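[1] Predicted model and sequence follow; I will ask about them next.
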Amino acid sequence: MRAEQAKEAARQVEFLAYADQLTGLANRTQFSRLANLAIAQAKRHLALVYIDIDRFRLINDILGHKFGDRLRHCLQADEQAARLGGDEFVILLPSVATPARLNGLARRRLAVIAQPLCLDGHELRITASIGIGVFPDDGTDEQTLMRHADIAMYQDKGRNAYAFYSAGLNHHSFERLAFEAELQRAFEARLLELHCQPKVDAASGERRGVEALLRWNHPLLGAISPARFIPIAEETGLIVPLGRWVPEQACRQQVAWLAQGLAPLTMAVNLSARQFADIGAILRDTGIDPARLELEVTESTLMRDLERALKLLSACKALGVRLAVDDFGTGYSSLTSLKRFPVDTLKIDRAIAQAIITPARTLGLHVVAEGVETRTQVNFLREQRCDELQGYYFGKVVPAEAMADLVRQWPLRAQPATVNV
């Protein structure tokens with residue numbers, strides 16, 4: 001009996017030393033041992049596949065082992081999977097004959113990972129980013145291969161895709177790290193700015209509100225598009241304090257305009273799913289009238305996790321704010337599917353207005369057309385009975401401080417802005 005207990009204790013010690021307790025896969029220590037052994041014995045190409053699981057934190061506590069089993073079951077007999085920690089996994093492929101086979105393997109791994117996991121009757125969908133390093137071309141030791149596969153993975157971070165390492169990526173990686181540091185410094189030094197663009201009533205031309213937009217005017221590089229720095233902020237975690245700062249500043253700006261005697265305007269702010277949790281505190285801290293705050297969430301964010309989105313939007317609606325779906329029509333959702341959500345407004349590109357406006361109004365939704373640049377477009381959208389218009393025809397994006405001067409100069413019926421486009 002004692003002998004059996006001793007053996008079981010030894011197995012437990014080995015498990016704790018070499019296995020990841022969350023998933024049951026090998027841990028980093030065990031993987032390093034196996035990888036170094038495989039490299040020492042390699043007689044042909046060997047591949048290291050670095051995997052970053054998007055949104056793994058949503059499933060790790062409850063479905064970690066289930067995911068580990070799924071990853072293990074898609075391996076060949078001589079392959080080894082491990083969890084390095086957090087949302088990072090790695091697979092060792094000891095014998096890879098051709099790059100074509102690696103392409104096929106990477107595609108199959110992505111397909112396996114993308115299969116939905118079930119929790120309490122709900123489907124959870126996850127995606128991955130994969131980077132691949134090949135021995136001996138991309139490194140002759142485990143640490144170098146790991147680092148290079150990690151660099152390759154970042155080329156497709158968040159895109160549910162895979163990339164192979166190449167020497168040119170080292171320079172790109174250095175540039176990326178420098179850019180991340182610049183963005184962090186810009187936020188800490190308050191060099192990121194809140195800008196605004198007006199929205200007008202389509203029928204009367206009266207100014208109804210503004211949309212708050214984040215801008216970064218770099219001292220050397222000039223204006224840097226949010227499309228470039230927002231994804232970096234999301235990956236580095238800067239999006240958390242930045243996501244709190246933007247709506248808070250927007251609300252304070254709206255309250256300041258009222259204190260200056262300006263007409264009440266609705267302030268629209270773009271939010272990601274993780275930013276909704278701060279709204280209650282922001283309303284209390286800034287004193288803004290909730291009815292004058294409109295939170296915009298993109299269609300893609302809404303459709304990514306329907307149940308979670310419904311809970312978040314319902315909680316915010318209970319606070320008295322307005323809710324808008326931005327970029328509607330760019331995804332695969334239907335107007336009927338939006339009936340589940342407490343949404344007030346649809347924001348659409350003017351190009352798809354004719355197909356969207358009438359059915360949206362039938363559902364009681366307020367419709368805002370973006371990208372309006374000409375008088376012809378204005379007339380057409382008015383004929384379609386669009387509710388509000390936004391675009392360079394009515395005003396370009398300007399710093400929030402400058403918007404106050406424009407508001408004072410606005411006539412009752414807005415005139416088009418003189419803008420070079």
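    Yes, it's here.

[2] got a pLDDT number for N27?
    Predicted confidence (pLDDT) at N27: the value is 87.

[3] Distance check, it against E88.
    Separation of N27 from E88 (CB to CB, to the nearest Å): 12 Å. Quick note: C-beta positions are derived from backbone N, CA and C, even for glycine.

[4] does the nearest residue to R322 once chain neighbours are set aside belong to a helix or a strand, and which?
    Spatially, and ignoring its direct neighbours in sequence, R322 is nearest to E294 (4.0 Å; CB to CB, 6 or more residues apart in numbering). Here E294 sits within strand 293-298, counting by DSSP states H and E.

[5] hang on, the earlier thing: mind listing what the residue nearest to R322 touches?
    209, 266-269, 321-324, 344-345 (CB atoms under 8 Å, 6 or more residues apart in numbering).

[6] Residue ranges of each domain in the protein, please.
    For the chain, the structural domains run 2-166, 179-409, going by automatic domain parsing.

[7] Out of those, which gets the lowest mean score?
    For those, the weakest mean pLDDT is recorded on domain 2-166, namely a mean of 78.

[8] Please list all residues in contact with F341.
    Each residue near F341 by CB under 8 Å, 6+ apart is listed here: 302, 309-310, 313, 323, 325.

[9] what do you get for E193?
    Shown in contact with E193 (CB under 8 Å, 6+ apart): 214-217, 399-400.

[10] Which ones among these map onto helices?
    A400 (DSSP state H).

[11] Adding distance to H45 and neighbour count, write the contacts of E193 out as JSON lines.
    Output for those, formatted as JSON lines (distance: CB to CB, whole Å; neighbours: other CB atoms under 10 Å):
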{"residue": "L214", "distance to H45": "45", "neighbour count": "20"}
{"residue": "R215", "distance to H45": "47", "neighbour count": "17"}
{"residue": "W216", "distance to H45": "43", "neighbour count": "20"}
{"residue": "N217", "distance to H45": "48", "neighbour count": "14"}
{"residue": "P399", "distance to H45": "55", "neighbour count": "13"}
{"residue": "A400", "distance to H45": "56", "neighbour count": "22"}
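
[12] can you tell me which of the contacts of E193 lies nearest to A38?
    When the contacts of E193 are compared for distance to A38 (CB to CB), W216 wins out at 45.1 Å.

[13] Provide the backbone phi and psi angles at the closest residue in space to the closest one that isn't next to it in sequence.
    Leaving aside its sequence neighbours, W216 sits nearest to I224 (CB to CB, 6+ apart; 4.6 Å). With angles defined as degrees, to the nearest 10, I224 sits at phi -110, psi 130.

[14] in stretch 343-359, what's buried?
    343-348, 350, 353, 356-357 (16 or more other CB atoms under 10 Å).

[15] and what of stretch 269-289?
    Buried residues in stretch 269-289, counting neighbours by 16+ other CB under 10 Å, are found at 269-271, 273, 275-276, 278-279, 282-283, 286, 288-289.

[16] for the protein, which strand is longest?
    Looking across the chain with DSSP state E, the single longest strand is strand 207-218.

[17] Can you list the strands that that one pairs with?
    When pairing is defined by DSSP bridges, strand 207-218 lines up against strand 192-201 (antiparallel), strand 222-224 (antiparallel), strand 266-270 (parallel).

[18] Would you reformat those strands as a markdown table and include distance to D405?
    Shown next, in a markdown table, are these (distance: least, CB to CB, whole Å):
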| stretch | distance to D405 |
| --- | --- |
| strand 192-201 | 12 |
| strand 222-224 | 21 |
| strand 266-270 | 17 |
